[in-house]
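K.L.:
show me the folded form of this:
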Amino acid sequence: MNSWEEDSIYRDPGRRKKEQKTGPRRTRTLFFVAVLVLGVYFGTAIVQTQLKIYQANRQLEQLDGELYRLRQENRELEQQRQYVESEEYVEWKARQELGLVRPDEKVIILTEPDGGIPVK
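P.N.:
Residues are numbered from 1 along each chain as shown. A predicted model of the protein is given here:
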């Protein structure tokens, strides 16, 4: 075969198309597989990230609810503390538990008609 025949085989338009199809087809297939693998990888990463964000938001909502409840409880305890420290509460406690009276007050003790136990 002379050099002209060798060159003509490679210059034949039909022959060239057949040779080029196998190379680019394989390249396209590899490119498609690579894109598919990357797509699955990034898709999975995005889904996992979204799931973590969703879980973090739910936990944040729960903590906000607990914070609201604790603040409400704190307000109630503060009101109770203020009441316990007030003069009104101290006087009530002294009268109820210790039986104390003010110096200008008179104590009346009621007894049962048959001379039994006094009624308060």
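
K.L.:
what about the helix or strand harbouring Gln79, distance to the chain center?
P.N.:
In the assignment (DSSP states H and E), Gln79 maps to helix 13-84. Here helix 13-84 is found 15 Å from its chain centre; the criterion is CA atoms, centre = their mean, to the nearest Å.

K.L.:
after it, which helix or strand is next?
P.N.:
Where DSSP H and E defines the elements, the next helix or strand beyond helix 13-84 is helix 87-98.

K.L.:
and the helix holding Gln79, what's its mean pLDDT?
P.N.:
Regarding helix 13-84, the rounded mean pLDDT is 89.

K.L.:
for stretch 106-117, same thing?
P.N.:
For stretch 106-117, mean pLDDT rounds to 72.

K.L.:
what's the angle between the helix holding Gln79 and helix 87-98?
P.N.:
When axes from the mean of the first three to the mean of the last three CA atoms, to 10 degrees is applied, the directions of helix 13-84 and helix 87-98 differ by 70 degrees.

K.L.:
pLDDT value on Ala94, please?
P.N.:
In this model, Ala94 is scored at 86, pLDDT.

K.L.:
then Asn2?
P.N.:
Per-residue pLDDT puts Asn2 at 55.

K.L.:
going forward can the numbers begin at 730, since that is how I track them
P.N.:
Fine by me, first position is 730 from now on; the one you just mentioned is Asn731.

K.L.:
tell me what the helix holding Gln808 is packed against?
P.N.:
With contacts defined as 3 or more CB pairs under 8 Å, 6 or more residues apart in numbering; DSSP states H and E, helix 742-813 has no helix or strand neighbours. To be clear about C-beta, it is placed using only N, CA and C from the backbone, and glycine gets the same treatment.

K.L.:
again, only this time at 10 Å
P.N.:
In this structure, helix 742-813 makes packing contacts with helix 732-740, helix 816-827, judged by 3 or more CB pairs under 10 Å, 6 or more residues apart in numbering; DSSP states H and E.

K.L.:
list the buried ones in the last one?
P.N.:
With burial defined by 16 or more other CB atoms under 10 Å, not one residue of helix 816-827 is counted as buried.

K.L.:
nearest the geometric middle of this structure, what residue?
P.N.:
In the chain, the centroid-proximal residue (CA atoms, centre = their mean) is Gln788; its distance is 1.5 Å.
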